[in-house]
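A.B. asks: Structure of the sequence below:
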Amino acid sequence: MTAFLLDVAQGFAAPSDQSGVRAEPQVAHLERGGAALALSGVSLSFGGVSALSGIDLAVRPGEIRAIIGPNGAGKSSLVNVLSGLYRPDRGEIGIGDERFARVRPSRLAHLGLARTFQNLALFRGLSVRDNVATGLAHRRRATWLGNVLGTPGARRDARAVAWAVDEVLAELRLGAIADRPAGALPYGLQKRVELARALVARPRVLVLDEPMAGMTATEKAEMAADIRAAHARLGCTIVLIEHDVGIVMSLSDRVAVLDYGRKIADGTPAAVSTDPAVIDAYLGTVHAEAA
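C.D. replies: Predicted structure coming up:
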């Protein structure tokens with residue numbers, strides 16, 4: 001089952017050229033140069049309504065960079081631009097040395113970027129193990145036929161996938177439920193499975209889209225500890241979109257604040273938490289005046 005899922009996912013993740021030969025991915029050197037991840041002058045609108053306006057954002061290699069803001073501030077639009085799901089009207093995206101008007105979602109894994117989703121995107125009827133294994137689809141070398149025939153290359157792939165999955169399941173305390181259907185798990189555990197799927201490929205840039213949404217206080221504390229531990233193990237760059245300001249301030253190196261699609265503050269947690277524009281946005285003063 002794992003081999004089949006990886007083949008299906010790889011079919012979407014790795015494009016082919018005109019001759020039908022699978023194209024080799026370009027791999028970016030994310031830690032070389034200035035920012036690991038950057039947005040430059042990014043604007044996005046829907047039907048004349050501005051979702052993002054001239055956003056500049058630079059994420060340093062190895063930092064935890066939070067993006068916060070009231071509901072409707074543009075956080076989801078920003079993460080969907082980063083993930084290639086939306087093409088901005090203006091501006092560009094930088095991942096390491098690569099620059100794009102839009103990066104195809106299928107290239108992100110090859111560029112060392114993984115993400116989680118605000119709304120769970122698990123295969124509910126499949127096991128925890130098989131869900132996590134799909135995070136390695138882009139690394140598969142064996143063909144579908146090779147998996148059916150059990151060629152040496154396919155067996156090597158299967159062993160490598162199994163080892164990587166077991167490792168991340170152990171790190172996130174999921175080993176005991178590895179063979180249970182993901183959809184049968186409590187919500188907090190499903191969130192942890194989604195984090196495991198993002199971490200299994202050992203990304204250099206990890207985008208977490210509201211990883212603690214809907215969690216209890218205890219579950220949030222556990223997830224924050226898991227994020228800290230993953231950051232320490234991998235040294236990866238993390239972009240964190242989250243509503244819980246207390247968690248954000250304790251986890252992050254720097255914080256950017258959006259409101260009505262504009263960046264209104266950017267700096268250390270201490271500086272941002274005392275910024276009058278941020279206080280106004282969260283207390284509703286700005287919104288009340290505009291109503």
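A.B. asks: Show me the shaky parts of the stretch 1-150 of the chain.
C.D. replies: Applying pLDDT under 70 to the stretch 1-150 of the chain flags residues 1-33, 138-150.
A.B. asks: And for Pro105, the neighbour number?
C.D. replies: When neighbours are defined as other Cβ atoms under 10 Å, Pro105 has 15 of them. For glycine as for every other residue, the C-beta is placed from the backbone atoms N, C-alpha and C.
A.B. asks: isn't it right next to Arg87, touching?
C.D. replies: No - Pro105 is beyond contact range of Arg87, at 11.4 Å (criterion: Cβ atoms under 8 Å).
A.B. asks: The most centrally placed residue in the chain pairs with what?
C.D. replies: Centroid-nearest residue in the chain: Arg115, 1.7 Å away (criterion: Cα atoms, centre = their mean). With DSSP bridges applied, Arg115 shows beta-bridge pairing to Val207.
A.B. asks: Which strand residues bridge the closest residue to Lys75 other than its chain neighbours?
C.D. replies: Distances taken as Cβ to Cβ, 6 or more residues apart in numbering place Ile241 nearest to Lys75, at 5.0 Å, with adjacent residues excluded. Beta-bridge partners of Ile241, counted by DSSP bridges, are Ile67, Asp209.
A.B. asks: What ranges does the stretch 101-250 of the chain have for its helices?
C.D. replies: Using DSSP state H, counting those that start in this stretch, the helices of the stretch 101-250 of the chain run over 105-108, 128-133, 144-149, 152-171, 187-199, 217-234, 245-251.
A.B. asks: Mean pLDDT lowest where, among those?
C.D. replies: Of all the helices of the stretch 101-250 of the chain, the minimum mean pLDDT falls on helix 144-149 (a mean of 49).
A.B. asks: who are the neighbours in contact with the residue nearest to Lys75?
C.D. replies: Ala66, Ile67, Ile68, Lys75, Ser76, Leu78, Val79, Gln118, Val207, Leu208, Asp209, Glu210 (Cβ atoms under 8 Å, 6 or more residues apart in numbering).
A.B. asks: hang on, the earlier thing: mind putting the helices of the stretch 101-250 of the chain in a markdown table, distance to Leu37 included?
C.D. replies: Putting the helices of the stretch 101-250 of the chain into a markdown table (distance: least, Cβ to Cβ, whole Å) gives the following:
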| stretch | distance to Leu37 |
| --- | --- |
| helix 105-108 | 11 |
| helix 128-133 | 24 |
| helix 144-149 | 33 |
| helix 152-171 | 22 |
| helix 187-199 | 15 |
| helix 217-234 | 15 |
| helix 245-251 | 17 |
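A.B. asks: got the phi/psi numbers for the residue lying closest to Asp259 once chain neighbours are set aside?
C.D. replies: What sits nearest to Asp259 in space, not counting adjacent residues and going by Cβ to Cβ, 6+ apart, is Ala281, at 4.3 Å. Phi and psi for Ala281, reported as degrees, to the nearest 10, are phi -60, psi -40.
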